[in-house]
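A.B. asks: Give me the fold of what follows.
(chains A, B, C and D, ligands or ions: 4)
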Amino acid sequence: MTEVTSFLQLVVTAMVPFILAAQGTMLAGRAGVFNVAQEGLMMLGASIGFLVSLKFGGNLVGLVAAALVGGFFGWFLGWVTTRFRLDQFVIGLALFFAATGIASLLYKVVIGVTLQPPLIPTLDDVSIPVLSSIPVLGPVLFQQSGMVYLAFVVSGLLYWLLYRTNHGLKLRSVGENPKAADSLGVNVARTRIWCSAAGAALMALAGAYLPMTYTGTYTEGMVAGRGWLAIALAFFGGWRPLYILAGAAFFAGMEVLALRVQVGGLDVPHQFISMLPYVATLLVMMFALRFARIPAFLGRNYDRESRTSH
Amino acid sequence: GSSEPGTSTTGRAGGDAPRIAAIFSGSATDADYNALGLLALQAAEKSQGAETAHSESVPVPDAERVMKEYLADGYTVIWSHGSQYFEATSKLAKQNPDVTFIGEFDDKPKESIPNLWVLDRNFHTAFYPLGVLAAAQTKSGKIGYVGGLSLPFSYSEVHAINQALKDNGSSATVTPVWTGDFNDPTKAQQITSQLVGQGNDVIIGSLNLGMVGAFQALKGKADNVVVTAKYTDKSQFDPQHYATSAIYDFTKPLGDMLTKIEAGERNGYYPLGFKTGVSIQTPKNIDPAVAAKVEQAVTDITSGKVMVEKNLTPIK
Amino acid sequence: MTTTTAPVQTPPQTGAAPGRGPAVARQVVSYVVAVFLAFVVAGIVIAVLGHNPLSAYRAIVTTSFKSGFGLVETVHKWVPLVLLALAFTIPLAAGKYNIGGEGQLLVGATASTAAGILLADLPLPVLLPLVLVCGVLAGAVFAWVAAWLMDRFGINEILSTVLLNFVSFGIVDYVASEVWSDPAAGHPTTIPIGQGGLLPQVGRPAMHLGVLLAVLVTVAVVVVMRRSVPGYELRAVGANSRAAQVHGIRIGRVAVGSLVVGGALAGLAGAIEVAGVHGKLIEGMQSNYLLLGIIIGLIARGNALAVPFVALGIAVLEVGSSAMQRTAGVPSEMVLIVEALILLFLLFSDVVGARLGRSSR
Amino acid sequence: MTDDTARGPQSPRPLLHMDGIRKTFGPVVALDGVDLTVGQSEVHGLLGGNGAGKTTLMNVLYGLYRPDAGTVTLDGADVVIRDPRAAIAHGIGMVHQNFLQVDTYSVTENIVLGTHLPSWPSMNLRGEAERIAELSTRFGLTVDPGATVADLSVGLRQRVEILKALYRGAKVLVLDEPTTNLTPQEVDSLFGSLRAIVDEGMSVVFITHKIRETMAVCDTLTVMRDGHRVGTVARRETSPTELAGLMVGDDAMVSRVTEVVTAGMAAPVSGSSGPSTYAVSHGPERVVVSGVVAHNDQGVPATHDVSLSVRGGEVVGIAGVAGNGQVELAEALSGVRPMVAGSVSLDDHDLAGAPTAAWLDRGVAYVPEDRHRDGILPSESIVENLVLGAQRGRRFRTGPLLDWRRARQHAEDSITTFSIKAPSASTPAAQLSGGNIQRIILARAFSHEPGFLILHNPTRGLDIPSTQFVYDRTREAATHGTAVLLISEDLDELTNLCDRILVVYSGRIVGERRRGEYDQYEMGHMMAGLEESA
Ligand SMILES: Nc1ncnc2c1ncn2[C@@H]1O[C@H](COP(=O)(O)OP(=O)(O)OP(=O)(O)O)[C@@H](O)[C@H]1O
Ligand SMILES: Nc1ncnc2c1ncn2[C@@H]1O[C@H](COP(=O)(O)OP(=O)(O)OP(=O)(O)O)[C@@H](O)[C@H]1O
Ligand SMILES: [Mg+2]
Ligand SMILES: [Mg+2]
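C.D. replies: Numbers count the residues shown, from 1 in each chain, chains lettered A, B, ... in the order given. Ligands and ions are numbered 1, 2, ... in the order given. So this is what the prediction gives:
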């Protein structure tokens, strides 16, 4: 395997949590729900995904369980912010705290005291016949675990949903002008609740990916700020599915590059190298953000009978 | 008594039995450094009849507060398991002359405190044989060292490996890399993948939980690579690439110190070494000749034939 | 609903003016109910996990109040909490979210440490103020970077402050393990700062004078927010930035200023941690003060006057959490969940309150 | 415009009947048992002052508000309308006062939004665009189906709203104050379309507070006041005065507000003028504006080289269709928006480039168009709202701190002098009605003793007494020597109040008329950019 190939392969592997969490953020955001619980939901997804896989055998069950629990949190966020119109940011943070606490608590309760940390098998690579033998790109794109394909397929589906279907037309209108959508019979609350639930499910999947790909085990703090970066990525990608895909490549590229620089033996203190992804993100955003549009109703609740919410 | 990970307060109360409290930096279920601490504590409970308690996941800035709480609860021996607590421990020792403290350190402390036992972990000693292994094993001449934080003890490990390479006339080079956290397996996985991608065929790991990630990076790939670990037997993580581990056992050191404390010897210096708690696990997945060299190195160090220099200065 | 035309003089209807008393009482009731419900729900969880909720709660409450030691620990914890909560609340009044308190604290602590080490030989009356001022300035400058990115490039301040936190981790790690590293510490830690840079301690068990400083700063913030022109302008921008702009308030400056002041307070917290508690820079010294500061600010609903009291409650919870783990065996994560529940129930109590208010008319 | 030949025959069975509708918002009773009957193929006017409940009644019909009591009958059958979806299904269409459009969508997308369209493998809107084009020609509502609505003028956006209802096959079309932002020509064209719609058998409910417009287009009229229906009359059998009496409800009041009620009634006739009783001898030129260029929020020039001057005691009007640079001009002349070029001076002090606060200090007062967005701090009390803008002055300060006692005293005085209806001075501004919010803004503007007063659409959305109040205050300011600039889209208001009117089109002043030369149609031409004259 050439060096370029192996570098790119690592980048693609590292893209997945960014893609899933940022697409989840984008999906909820396009319907107007600004979820800020990513970091917590990813931890919860990692914990649940790991524990369920361990106890019931099989990564698939773990992934489904993580998605369901994440989805429940998202549903709750959507429900209380549409039904009771509670502040999205505050609820999001409360859910972040709760999810973080529950993630570690569950691990402690289920695993308890053992002197052998339990392991789950990580996902196997699935190589796609023919395609995986293309030079360079083959191994990078078509010899990866199922979650990698899932992340790309989800991105494509979201693009199709948002821009090529009638549902997407309705969905986007809810985040742009819910009153207009409502006046035309679009169910604003239901759209928001479902997008929030599906978005949070994607975030939890992003978290579950970590133990299933990198470690085979759950450790506290394994999300390591990726949830916060996913929010950055949603802005960075202009709340559009395909731009987010490109942005994820940038974020993951930075992450892998920062380590690559160290391994290459460059004589820069490793502490500075570890800042690279964050500084680079800010630098790029200084210029890229000018073109970004955010959904007009992002983070704002809609009340049909209120005159101030339009 | 309770079986909770967070606490255990068992053993006989009252009498002259010591009441020992320990603080750990991570979860005692980590099957790693903190689990070793808990094992030693439980052994002490049995052998000394001590009453014990411990706190897990104590961040460095909180160590002083947590130890003070134990002081307030009347514990007579306080053990801080981890050299990151040494400062706070010696400070409290000076303030509380009636309580005996056990602190861990990676050097001989400059001043001696009448109620403080110092446990010197001497990590460099164990990494010399690992360096011997690497020198004999590597085909590519490239050795990767995966550390967490760039602390003096980590530097001493790299220096020891370099000394081993030199002593064995090897021209191989060591690339030290830092994940920034001893317990971040994701970073460890990514960085190990890259080390292997760069042609490093011996990976010397000096991580706690992060080690899991380092093994994951190799699973099912790169047959020619071997990995060494630290603290406990980690062969279960990746039987295919696992070579050996520098095994640490705190039961004997803790027991020795407690016995002396009970005998009234309230301070001292206790260095870890191949006779006191450290061993190199019998290597796997490598040539028996190489394994023999490693064993020889251990013997030579123990007998004093080889002096491993303790060099805590940063690596250029 | 007839409206009179001028110049007909109709006295304004002041009869039914709602007094302030009931409003405050309602607030207090909603806090009590929220805290109570949070503890009930958490208690059920604790019981399900097989522990005794009552002894867990007893551990929390008694740690802070049964001994002078517990009290001092609680007060020492209160200082960074209240300062970080204000660092979040002040920009919040202008509608800006400062999620960078932890980075600002760390950079402040780094600068304080630098001053304390480089000028270690200066006497206390010179060095201590220097140490504190350096912390405040560094925190302010670090926050200013985020504010500048927001003002000049329109980068959402939530993002820039969060990303800068990660940058600050690298800075601390570098300073503590490369620049002034204490090789004996076994952890990225700097050598101690000069004696003259340490805050005086009083009483037994000793309490550092940073507590007094924090109290003074809190009082000053409350007065500034309620009575001063900048405080008024800050609230005006938060209430309606466009209207504020139309009426001559420079909203950009106010927003930037509020973040910078927030950063200064977080930097002060860092300086006090160095000068009062640790005497040096330690990696990880930011603890979870950022999240707790945000929780406090949100529970206080952005009201600067409520912040010190809520912060005290959270300090008691936090100091108690390790006691709860030690004596009742309850995992300390429970405290995080309790805090989240308090926040949720507080918001719900508004909804319920509004419903009750409506139906009682 | 007063052409009343084409009128469909009145059919015996009503198309729509609403009975005993009641709706409350917290303590406010917005509708108190209101009945409304709309016949087949008629334009039914719904007339009433602010807060009378017109919009609320129609929102109930459209399912946006859930009534507390009352029934709706359509075509003889009882129907329950829970949400807009049900309303659409029953053939009800509504054009809201604030257009409900997704700015980033195209015309077609806005129109088809919410309907069932197949989207496998991908949504195809070409067929729908053709249908929309066909509908627009049929009803005289031409608009490009592919355009993005954000780029359209107000008149075109309104067409999109009407097309939305027609596309869904509405039987009853509700229009809430559709003429607010239109030129007289656009109003005529709208009325033409309404007739075309009625001729196809649909019915229209037309909400307005302008008696003149109801007399022009409606067949039947229902008048509402304070949440009650106070009468339903046929257009042929009524007069403006009778309608005004019904709307205001108090004969003594009617005489005081005749100016508002009759504003513009006589205006279409060329050469006629408003009352000239208050003509004053104007003082020297106080405000001189020259060559002002200001950019809009997107950085595109919105005003080009605007020059004008205002004398003390003079009321100068700026007429134009919304979106022709008025917002930018108002903000530039009040120091809120930085000017790209040009100068503004008040009493020979050059203000260009100074911060907004300096303009305020100099005596520039600005009453913004959108009072909720630009005028108040909604969550803050009346006291705090009245301090806004003066917080740095000496008036409300002792030392470095604000003196809230003095501010409170000032608020209580203002509540009395400006007849602000509020429970107390500490009531949050958001709880006040539009008219009372406007009174707060005026109180604040006048407390600065302005030398230059800029009013932008100051009476939009206000009811008759409040409008009269604004007129009285504006004149009072002029008699005290203030230079007044009144920017308005309401030609009736301008012809009534102003000594001089400048017409803007596309950010340029395209014409000027003095009192005595006002001709609304001619000005309408200029406003539409059709006629360039000096
Ligand atoms: N969403 C709402 N929330 C609270 N009160 C409302 C709401 N909508 C209307 N009201 C109140 O109901 C009453 C009727 O208002 P409505 O908007 O129907 O009046 P209108 O006749 O349409 O007036 P306008 O001419 O100003 O449009 C007013 O007192 C108003 O304040
Ligand atoms: N969004 C709202 N939420 C709650 N109450 C409202 C809201 N809007 C209006 N109200 C209440 O409805 C009342 C009437 O408001 P509205 O603006 O319609 O008054 P109005 O009757 O049109 O009076 P005016 O002639 O002064 O405009 C106000 O007193 C206010 O308390
Ligand atoms: Mg109104
Ligand atoms: Mg209305």
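A.B. asks: contacts, neighbours, all on C-alpha from now
C.D. replies: Noted.
A.B. asks: and the residue of the stretch 201-350 of chain C nearest ligand 3?
C.D. replies: Across the stretch 201-350 of chain C, the shortest distance to ligand 3 (Cα to the ion) belongs to residue C:243, at 20.2 Å.
A.B. asks: residues near that residue, how many?
C.D. replies: Neighbours of residue C:243 under the rule other Cα atoms under 10 Å in any protein chain shown: 26.
A.B. asks: show me where the stretch 151-300 of chain D has strands.
C.D. replies: Along the stretch 151-300 of chain D, the stretches classed as strands by DSSP state E, counting those that start in this stretch are D:172-176, D:203-208, D:220-225, D:228-234, D:285-295.
A.B. asks: Leaving out the residues flanking it, which one is nearest to residue A:174?
C.D. replies: Nearest residue to residue A:174, sequence neighbours excluded (Cα to Cα, 6 or more residues apart in numbering or on different chains): residue A:31, at 5.2 Å.
A.B. asks: cool, residue A:68 as well?
C.D. replies: Excluding its sequence neighbours, the residue lying closest to residue A:68 (Cα to Cα, 6+ apart) is residue A:201, at 6.4 Å.
A.B. asks: Only the buried residues of the helix or strand encompassing that neighbour, if you could.
C.D. replies: Here residue A:201 sits within helix A:188-210, counting by DSSP states H and E. For helix A:188-210, a neighbour-count test (16 or more other Cα atoms under 10 Å in any protein chain shown) marks A:188-189, A:191-210 as buried.
A.B. asks: cool, stretch D:136-154 as well?
C.D. replies: Buried residues in stretch D:136-154, counted by 16+ other Cα under 10 Å: D:136, D:139-145, D:148-149, D:152, D:154.
A.B. asks: Could you check how far the helix holding residue A:201 is from the centre of its chain?
C.D. replies: Taking Cα atoms, centre = their mean, to the nearest Å, one finds the center of helix A:188-210 at 9 Å from the center of the full chain.
A.B. asks: Could you list every helix and strand that the following helix or strand past it packs against?
C.D. replies: Going down the chain from helix A:188-210, the next helix or strand is helix A:226-236, by DSSP H and E. Secondary-structure packing of helix A:226-236 (3 or more Cα pairs under 8 Å, 6 or more residues apart in numbering or on different chains; DSSP states H and E): helix A:3-30, helix A:38-56, helix A:241-263, helix C:157-174.
A.B. asks: Quick one: closest of the ones you listed to residue C:134.
C.D. replies: Across the helices and strands packed on helix A:226-236, residue C:134 has its closest neighbour in helix C:157-174 (15.4 Å, Cα to Cα).
A.B. asks: hmm, that closest one touching chain A?
C.D. replies: Yes. Counting by Cα under 8 Å from any Cα of the partner chain, chain A has neighbours in helix C:157-174: C:159-160, C:162-164, C:166-167, C:170-171, C:173-174.
A.B. asks: For the helix or strand hosting residue D:343, which strands pair with it and how are they oriented?
C.D. replies: Using DSSP H and E, the element containing residue D:343 is strand D:341-346. Partner strands and pairing direction for strand D:341-346 (DSSP bridges) are strand D:285-295 (antiparallel), strand D:349-350 (antiparallel).
A.B. asks: Now do residue 47: how many residues are near it, please.
C.D. replies: Just going to use chain A. 31.
A.B. asks: I was after chain B.
C.D. replies: 11.
A.B. asks: Same check on residue A:129?
C.D. replies: Using other Cα under 10 Å, residue A:129 has 10 other residues around it.
A.B. asks: Name the secondary structure element that contains it.
C.D. replies: Per DSSP H and E, residue A:129 falls between elements, in no helix or strand.
A.B. asks: how much space between it and residue A:142?
C.D. replies: Separation of residue A:129 from residue A:142 (Cα to Cα, to the nearest Å): 8 Å.
A.B. asks: how would you label the residue of the stretch 101-250 of chain B found nearest ligand 1: helix, strand or coil?
C.D. replies: Closest to ligand 1 within the stretch 101-250 of chain B is residue B:186: 52.0 Å, counting by Cα to the nearest ligand atom. Put simply, residue B:186 is helix when judged by DSSP: H, G, I helix; E, B strand; the rest coil.
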